[in-house]
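Using only what follows, build the 3D model:
(2 chains)
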Amino acid sequence: MSKHRVSTTINGEPTEFLCEPQLTLLDVLRDDLHLTGSKEGCSSGDCGACSVMVDGRLVCSCLMLAVEAEGHTIETIEGMARGKDLHPLQRKFLEHAALQCGFCTPGVLVAAKALLDRNPNPTETETRYWLAGNLCRCTGYDKIIRAVLDAAAELRAERASG
Amino acid sequence: MLSYVAPLTVEEAISILASASGPAKVLSGGTDLLVQLRSGRTKPGLIVDIKRIPGISGIRERDGTFVIGAATPGAVIGECEALRQAWPGVVEAANLIGSSQVQGRASLAGNLCNASPAADSVPALIAARATCVVAGANGQREVPVESIATGPGRTSLKAGEFIIEFHLPKRPPRSADAYLRFIPRTEMDIAVVGAGVSVTLDPDGACTDARVVLGAVAPTAILVPEAAAALIGRTLDETALAALDQAARRACKPIDDKRGTIEYRTKVAGVMARRSAAIAYERAGERR
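Numbering: from 1, shown residues only, chains lettered A, B, ... in the order given. Next up is the predicted model:
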């Protein structure tokens, strides 16, 4: 089977990989690039555990072929913290204990950041609808929602003072 | 063995599809296709990704008409303020497809060509008198959206044909559309019934033109002229609503499945048609 050479930018780093055409972006991120933060939950676009950003758009990496990534910019959960400095969303998830097993958490964080990047002051309802494609089977959703809204408030305060 | 190719022009895509030796699939957002690839429900030898073709994704406005590229993601459709103003029902229907993540990729052409009877964008597009441009080895043809799906998973597209864009016509004054679906949850589900309604009102609020389309109650989305006739010449009074409800129910040919029984779907179709018509009327009335 012929492999495709794919050039992308992942978390700010120019990244090349070879892949067979049937592999998903999630397959390559996890198995070849060892970026295992993105999780494989359902492989059918229902659970959101594999959420990544492609050219600034939130997508399920299980619903995208890796070859489609040619020339595109990808951001994964691994790019969210700045070194040891956690993103405010990540800190708030810890403070609010908004996770138990943690399997859904990378996807929830990526999706929540996508929301806050375009809407710094979402309502609880907007937040719940936006995250409806991220399934969590442990905590229930209340802590997740509280953590996201709290992070949004902190980010707004930072922006106002900065 | 699967091959992947991403042509840069419509002509190139046509010639690749025409010379494909085995089954080929056109890829736009992939939110249905990748699921079917994985489950083995479809086993193409070739995937033709059309997203590198300039203009295949994006929205253009020309003298009040809109051209929506076949592969335009739902999220981009939802962000187009001019389109939301002109066709709020089409936009709300397109934005009901899947999650925020799915909206980042899912396209109108995919929703139409996947040919699910419950596809949310399709009733709204048909109500809007949308057309689509089909490209193939014999050139291009512009056809009504309702001519594409012929049954669950089946379309009228010939081998090697694909949709390149959708056209939405210019709106007369006091016109608006709406789409509603019923699902047992509040989000992330497949329509039990969907109803798209588009109306144009005269200055006194009486309906001069209407289109009513139902989804998920027949093998394809169905245009219901009798339901539109119940609205035309009237304001949205009780008599018109009752006639609309009855016409919508009569048009239903649903199946029994886990999402709803025949009886339930039929009743809900009348309710959804009425509610969707009420929203379309209210929106049109605000535009006088």
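
Tell me the gap between the helix or strand harbouring B:Pro123 and the middle of its chain.
For B:Pro123, the host element (DSSP states H and E) is helix B:121-127. Centre-to-centre, helix B:121-127 and its host chain are 4 Å apart (CA atoms, centre = their mean, to the nearest Å).

now do stretch A:60-71
Put simply, stretch A:60-71 sits 14 Å off its chain's centre (CA atoms, centre = their mean).

can you pull the buried residues of stretch A:40-58?
Neighbour counts over stretch A:40-58 (16 or more other CB atoms under 10 Å in any protein chain shown) mark A:40-41, A:43, A:45-54, A:57-58 as buried. Placement of C-beta: from N, CA and C, glycine included.

hmm, who's touching the longest helix along chain A?
Secondary structure of chain A per DSSP state H: the longest helix is helix A:142-161. With contacts defined as CB atoms under 8 Å, 6 or more residues apart in numbering or on different chains, helix A:142-161 is touched by A:88-89, A:91-93, A:95-99, A:108, A:112, A:115-116, A:120-122, A:124, A:127-128, A:131, A:136.

Please apply the same query to stretch B:149-159.
B:17, B:112-117, B:119, B:122, B:134, B:136, B:147-148, B:163, B:219-221.

filter these to the buried ones?
Buried residues within the contacts of stretch B:149-159, counting neighbours by 16+ other CB under 10 Å: B:17, B:112-117, B:119, B:122, B:134, B:136, B:148, B:163, B:219-221.

Narrow these to those in helices?
Those of these lying in helices (DSSP H): B:Leu17, B:Leu112, B:Cys113, B:Val122.

Now the residue of chain B found nearest chain A: closest residue in space that isn't a chain neighbour?
Going by CB to the nearest CB, chain A is nearest to B:Ser99 of chain B, at 2.2 Å. Once flanking residues are discounted, B:Ser99 sits nearest to A:Gly133: 2.2 Å by CB to CB, 6 or more residues apart in numbering or on different chains.

right, and that neighbour touches B:Gly104 too?
No - in this structure A:Gly133 lies outside contact range of B:Gly104 using CB atoms under 8 Å: 9.9 Å.

Of the two, which one has the most company?
When A:Gly133 is set against B:Gly104 and neighbours are counted by other CB atoms under 10 Å in any protein chain shown, the residue ahead is B:Gly104, at 28 against 24.

Was I right to think that one contacts A:Leu58?
Yes - counting by CB under 8 Å, B:Gly104 touches A:Leu58, with 5.0 Å between them.

what do these two both touch?
B:Ala75.

what sits against the spatially most central residue of chain A?
Of all residues in chain A, the one closest to the mean position by CA atoms, centre = their mean is A:Val110, 2.6 Å from it. Residues in contact with A:Val110, defined by CB under 8 Å, 6+ apart, are A:Ser51, A:Val52, A:Met53, A:Leu58, A:Glu75, A:Thr76, A:Ile77, A:Met80.

Which of the helices or strands spans it?
helix A:105-118.

and if you look at B:Val271?
Using DSSP H and E, B:Val271 sits in helix B:262-285.

Show me what counts as buried in that helix.
Those would be B:265-281, B:283-284, for helix B:262-285 by 16+ other CB under 10 Å.

Can you spell out which helices and strands pack onto it?
Counting contacts by 3 or more CB pairs under 8 Å, 6 or more residues apart in numbering or on different chains; DSSP states H and E, helix B:262-285 packs against helix B:88-95, strand B:175-182, strand B:193-201, strand B:207-215, helix B:238-251.

Can you tell me the element the residue nearest to B:Pro44 when sequence neighbours are not counted falls in?
Closest residue in space to B:Pro44, ignoring its immediate chain neighbours: B:Lys25 at 4.1 Å, by CB to CB, 6+ apart. If you go by DSSP H and E, B:Lys25 is part of strand B:24-27.

tell me the domain ranges of chain A?
In terms of domains, chain A is parsed into A:4-79, A:88-161 (source: automatic domain parsing).

okay, those domains, which one's buried deepest?
Greatest average neighbour count among these goes to domain A:4-79 (a mean of 20), per mean count of other CB atoms under 10 Å in any protein chain shown.

Now do that one: distance from first to last residue.
Distance between the two ends of domain A:4-79: 25 Å, counting by CA to CA, to the nearest Å.

just stretch B:101-115 next, same as before
End residues of stretch B:101-115 are separated by 21 Å (CA to CA).

Which residues are in contact with the residue of chain A found nearest chain B?
For chain A and chain B, the shortest gap (CB to the nearest CB) falls at A:Gly133, measuring 2.2 Å. By CB under 8 Å, 6+ apart, A:Gly133 lies in contact with A:Gly45, A:Asp46, A:Cys47, A:Gly48, A:Cys60, A:Ala111, B:Gly98, B:Ser99, B:Ser100, B:Gln101, B:Val102, B:Met188.

please redo it, this time with the cut-off set to 10 Å
Listed by CB atoms under 10 Å, 6 or more residues apart in numbering or on different chains, the contact set of A:Gly133 reads A:45-48, A:51, A:58, A:60, A:107, A:111, B:98-104, B:187-188.

With A:Val28 instead?
With CB under 10 Å, 6+ apart, A:Val28 has these contacts: A:6, A:8, A:10, A:15, A:17-20, A:35, A:61, A:65-67, A:69.

Tabulate those in a markdown table, adding columns for secondary structure and distance to B:Glu226.
Output for the contacts of A:Val28, formatted as a markdown table (DSSP: H, G, I helix; E, B strand; the rest coil; distance: CB to CB, whole Å):
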| residue | secondary structure | distance to B:Glu226 |
| --- | --- | --- |
| A:Val6 | strand | 53 |
| A:Thr8 | strand | 53 |
| A:Ile10 | strand | 55 |
| A:Thr15 | strand | 58 |
| A:Phe17 | strand | 57 |
| A:Leu18 | strand | 58 |
| A:Cys19 | strand | 53 |
| A:Glu20 | coil | 53 |
| A:Leu35 | coil | 56 |
| A:Ser61 | helix | 46 |
| A:Leu65 | strand | 45 |
| A:Ala66 | helix | 50 |
| A:Val67 | helix | 49 |
| A:Ala69 | helix | 49 |
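
near chain B too, which of those residues?
Near chain B, taking CB under 10 Å from any CB of the partner chain as the test, the members of the contacts of A:Val28 found are A:Cys19, A:Glu20, A:Ser61, A:Leu65, A:Ala66, A:Val67.

and the residues you listed, which two are the farthest apart?
The most widely separated members of the ones next to chain B among the contacts of A:Val28, counting by CB to CB, are A:Glu20 and A:Ser61 (16.1 Å).

got the domain boundaries for chain B?
Chain B breaks down by automatic domain parsing into domains covering B:7-44+B:55-168, B:175-285.

and residue 34, what pLDDT?
You didn't pick a chain, so chain A it is. pLDDT, A:His34: 98.

my bad, the chain I had in mind was chain B
Looking at B:Leu34, its pLDDT reads 98.

helix or strand for it, which one?
Counting by DSSP H and E, the secondary-structure element that holds B:Leu34 is helix B:33-39.

where along the stretch 51-200 of chain B do the strands fall?
Using DSSP state E, counting those that start in this stretch, the strands of the stretch 51-200 of chain B run over residues B:59-62, B:65-69, B:131-136, B:139-144, B:149-151, B:154-155, B:162-168, B:175-182, B:193-201.
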